[in-house]
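# What follows is a predicted protein model with its sequence.
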Amino acid sequence: MTPDDVLEEFRSAGALLEGHFILSSGLHSPVFLQKMFVFQDPARTERVCRALANRIRDAYGPVDYVVSPAIGGIVPGYETARHLGCKAIFVERENGTFALRRGFAIPEGARIVMVEDIVTTGLSSRECLAALREHPGQLLGAACLIDRSGGKADLGVPLVSLIQLDIPAYPADQLPPSLAALPATKPGSRNITT
Ligand SMILES: O=P(O)(O)OC[C@H]1O[C@H](OP(=O)(O)OP(=O)(O)O)[C@H](O)[C@@H]1O
Ligand SMILES: O=C(O)c1cc(=O)[nH]c(=O)[nH]1
Ligand SMILES: [Mg+2]
């Protein structure tokens, strides 16, 4: 699967949204990749995650555990693990901090790859990796479907992706007027208050 093929999967799923979005990091962007529009289609999810599993195998060799940050990482983590023939578990927020819950455990020496859906600043990935360092296992590196930082996000471990895009994102006090004029929505699950 080429980078253009990956982008076309997102485009044909209706997942390339334009408007004014507040991202997980608090940055504002005119573009949002609504990955759930991809993940609602199992056949499409299988195609992109099979490609990601191939990238992971080439980069890191055999894997015992895929670990993903909830919520966005759970579906691609599971499907990628299916193609790798390994376990899929996830971290979720406990009082705001990612942790392994539900009795999930990682055995000593297990070969671990963190799988994210989208990387923007790398903040969520770094938080997930920090949670994993509390557990035994050998952290090989990270992988994501789309790196929208254009390769600039620094996770402190290697990151492989299916495509790198350089999508603008701005601090709240530096919005271009065209973006500031649009009402903002916050699609992700960080700090949801209902
Ligand atoms: O690299 P970052 O700047 O951290 O941005 C990317 C993160 O943002 C989204 O998660 P979000 O916290 O919005 O929640 P979700 O996983 O429930 O969609 C996405 O799933 C990544 O985890
Ligand atoms: O940075 C984010 O929060 C983010 C960006 C994006 O394009 N898609 C997404 O699900 N989250
Ligand atoms: Mg997420």
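Sure, I can see it. Ligands and ions are numbered 1, 2, ... in the order given.
# tell me the contacts of the residue in the chain positioned nearest to ligand 3?
Closest approach between the chain and ligand 3, counting by Cβ to the ion: residue 72, at 3.5 Å. (Each C-beta comes from the backbone N, C-alpha and C, glycine too.) Residues near residue 72 by Cβ atoms under 8 Å, 6 or more residues apart in numbering: 35, 36, 116, 117, 118, 188, 189.
# Pull the number of nearby residues for residue 98.
A count of neighbours around residue 98, defined by other Cβ atoms under 10 Å, yields 21.
# on that earlier part again, and the gap between the residue of the chain closest to ligand 3 and ligand 1?
Applying Cβ to the nearest ligand atom, to the nearest Å, the value for residue 72 to ligand 1 is 3 Å.
# Give me the three-state assignment for the residue in the chain that ligand 1 sits nearest to.
Nearest residue of the chain to ligand 1: residue 188, at 1.9 Å (Cβ to the nearest ligand atom). Taking DSSP: H, G, I helix; E, B strand; the rest coil as the rule, one finds residue 188 in the coil state.
# Model confidence for the nearest residue to it once chain neighbours are set aside, exactly?
Among residues not flanking residue 188 along the chain, residue 24 sits closest, at 4.6 Å (Cβ to Cβ, 6 or more residues apart in numbering). We have a pLDDT of 95 for residue 24.
# How is residue 24 assigned, secondary-structure-wise?
coil.
# what's the neighbour count on the residue of the chain closest to ligand 1?
17.
# For it, give me its contacts.
By Cβ under 8 Å, 6+ apart, the neighbours of residue 188 are 23, 24, 72.
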